[in-house]
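>>> give me a 3D structure for the following:
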Amino acid sequence: MSSNEDTIQAIKDKLPDIIPAPPGLHSIATSHELKSRLEWGEPGLTILDTRDSSAFHQCHIMGAMNTPMDSLIGVAESSLSPKRDIYIYGATDEDTAAAANTLRGAGFQNVAQLQGGLTTWREIGGALEGTETEQKPGAGAYNVVSRLNQFGEERAKEKAIE
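Numbers count the residues shown, from 1 in each chain. Take a look at the predicted model:
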């Protein structure tokens, strides 16, 4: 490194870590983790809902793709990179684990089981869509400071779980 690069790195090392970083992918993920990544604006992930199409159309996580178990591998292999971050949920945690293991067995490397699925997603106020949902944005939805504060609170909850 040149002396300028050394100086810049030394200054960076002294600065406080003021910008929160989104959480990484874990094999078993919390709804807080997924919500944090989505609110952070990370485009490099896919959410798969393995419930039947009727349940999916009634209510699902906003942006999720419906991929029932009988077509999961075919849909995933035809449309997703094996290195893509994938969050998956089903009707139960057991269904979710089975679907995640199926994807991992097919060579997908970054698969996270969404612990608690749609139930915990709904409990934390995650964005939903479907015929049986009526959800309005929260008070801080358009306020950056409020969202950063909320992100910090959710990250603290995640760290407590880890």
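
>>> buried set for the host helix or strand of I73?
Element membership of I73 [criterion: DSSP states H and E] is helix 72-79. The neighbour-count check on helix 72-79 (16 or more other C-beta atoms under 10 Å) flags 72-73, 76 as buried. From N, CA and C alone the C-beta is placed, and that goes for glycine too.

>>> next, format those as CSV and append distance to G125 and pLDDT.
CSV is the format used below for the buried residues of helix 72-79 (distance: C-beta to C-beta, whole Å; pLDDT from 0 to 100):
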residue, distance to G125, pLDDT
L72, 28, 95
I73, 33, 95
A76, 29, 95
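
>>> for the residue nearest to G63 when sequence neighbours are not counted, which three-state class applies?
Excluding the flanking residues, the one nearest G63 by C-beta to C-beta, 6 or more residues apart in numbering is I47, at 5.9 Å. What DSSP: H, G, I helix; E, B strand; the rest coil gives for I47 is strand.

>>> strands along the protein, start to end?
For the chain, strands defined by DSSP state E occupy the ranges 28-29, 45-49, 60-61, 65-66, 85-89, 110-114, 128-129.

>>> pLDDT score assigned to the residue nearest the centre of the chain?
Residue closest to the average C-alpha location in the chain (C-alpha atoms, centre = their mean): L34, at 2.5 Å. What the model reports as pLDDT for L34 is 91.

>>> so it is in contact with I88, correct?
No - L34 is beyond contact range of I88, at 10.6 Å (criterion: C-beta atoms under 8 Å).
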